[in-house]
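>>> return a 3D structure for these sequence lines:
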Amino acid sequence: MHTYPYRDRPLAAVEIERLRLTLSSFRDGSGQNVLKPTGESMPGFRDYERTLAAVLGGTTTENKGVFDVEVPTADGMPFGVSCKMAAFPPAKDECSFWEMSNSAAKFRAHLLASSINWATEPTLAGPAIIDLVTRWHLAEAVMIDLAGSRYSVLAHNRAWSEFQVLCFPLDLRIAHPKRDVEWVVEGAALNGYIRDGSRRHRLWQLYPNSGGQLKYYPLLWWADWTTDRFTLETPPTVSPFKKAQEYWPHLWPK
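Numbering: from 1, shown residues only. Here you go, the predicted structure:
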């Protein structure tokens, strides 16, 4: 019987170490993120997608679709992983965080087609937006095993000195958008709140007229699994010029 990380189980220790070391390789100057004021490079979201694809034996889609990594299986359809990267929220919030989408035009078109004004009808607008994102997922079911698919978050602290991988379900209705979420307009944002015990927690945040960012703050205990926090190794800095010389010494002009 085949078992696959994310679909069936957490990452094994050897897989976590492969992921950690591969992410560390982007600190050689090739990482997407450049820290100020040091100029130090760190892995970015594309680097994470490619790293996770390599660890899982999958491929990156390199597009704006639902899934960033697709993993073939020996026992059925491939499953997908939607990769996210974000800073740790404050510990008191007891949640994770990622930007779900910034499809402003699609959000506005959907609300318009549904004759919903988000500013005056937040209790209708919020569930309608979550329903739209869910439809995007369902549209992938022809080619992707949705039951085996997951969200994968690479979280880091503000100093980029600690990292953690968190795996969350694809289901966006753990707190049902109509029954369990209180939708309110606050300034330029449409916010959705839930109760976590005695605590009021902001689960959703949408800026319909300012970039269209839909942000999601799932509770930590909703995660399927998380890794321990880890650090990255420090490789030597290698310039693209030097890499080219090493890759093609027989072609390099003297």
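>>> could you identify the longest helix within this protein?
In the chain, taking DSSP state H as the definition, the longest helix is helix 122-138.
>>> the nearest residue to Ser161 once chain neighbours are set aside and Lys243, how far apart?
With C-beta to C-beta, 6 or more residues apart in numbering as the criterion, Ser161 has its nearest non-adjacent residue at 6.4 Å, and that residue is Thr231. To be clear about C-beta, it is placed using only N, CA and C from the backbone, and glycine gets the same treatment. Going from Thr231 to Lys243 by C-beta to C-beta, to the nearest Å gives 25 Å.
>>> repeat that for Thr227.
Using C-beta to C-beta, Thr227 is found at 30 Å from Lys243.
>>> same thing with Leu138?
The gap separating Leu138 from Lys243 is 43 Å, by C-beta to C-beta.
>>> between the two, who's got more neighbours?
Set side by side, Leu138 and Lys243 show more neighbours around Lys243, with 13 against 10, by other C-beta atoms under 10 Å.
>>> residue contacts, the more buried one?
Counting by C-beta atoms under 8 Å, 6 or more residues apart in numbering, Lys243 touches no other residue.
>>> can you list the neighbours in contact with stretch 41-61?
By C-beta under 8 Å, 6+ apart, the list of residues contacting stretch 41-61 reads 4-6, 11, 15, 18-19, 22-23, 26-35, 67-72, 78, 81, 83-85, 152, 154, 156, 160, 232.
>>> just the buried ones from these?
Among the contacts of stretch 41-61, those scoring as buried are 4-6, 11, 15, 19, 22-23, 26-27, 29-31, 67-71, 78, 81, 83-85, 152, 154, 156, 160, 232 (criterion: 16 or more other C-beta atoms under 10 Å).
>>> which of these fall in helices?
Per DSSP H, the buried ones among the contacts of stretch 41-61 map to helices at Glu15, Leu19, Thr22, Leu23.
>>> next up, the contacts around the last one.
By C-beta under 8 Å, 6+ apart, the residues touching Leu23 are Pro43, Asp47, Tyr48, Thr51, Leu154, Phe163, Leu232.
>>> ok, it to Arg50 distance?
The gap separating Leu23 from Arg50 is 10 Å, by C-beta to C-beta.
>>> quick check, pLDDT for Met1.
At Met1, the model reports a pLDDT of 68.
>>> meant to ask about Gly76, not that
Listed pLDDT for Gly76 reads 89.
>>> also Leu219?
Leu219 is assigned a predicted lDDT (pLDDT) of 98.
>>> just the strands in the stretch 51-200 of the chain please.
59-60, 69-71, 79-87, 98-101, 150-156, 163-169, 182-186, 189-196, 199-206 (DSSP state E, counting those that start in this stretch).
>>> noted, bye for now.
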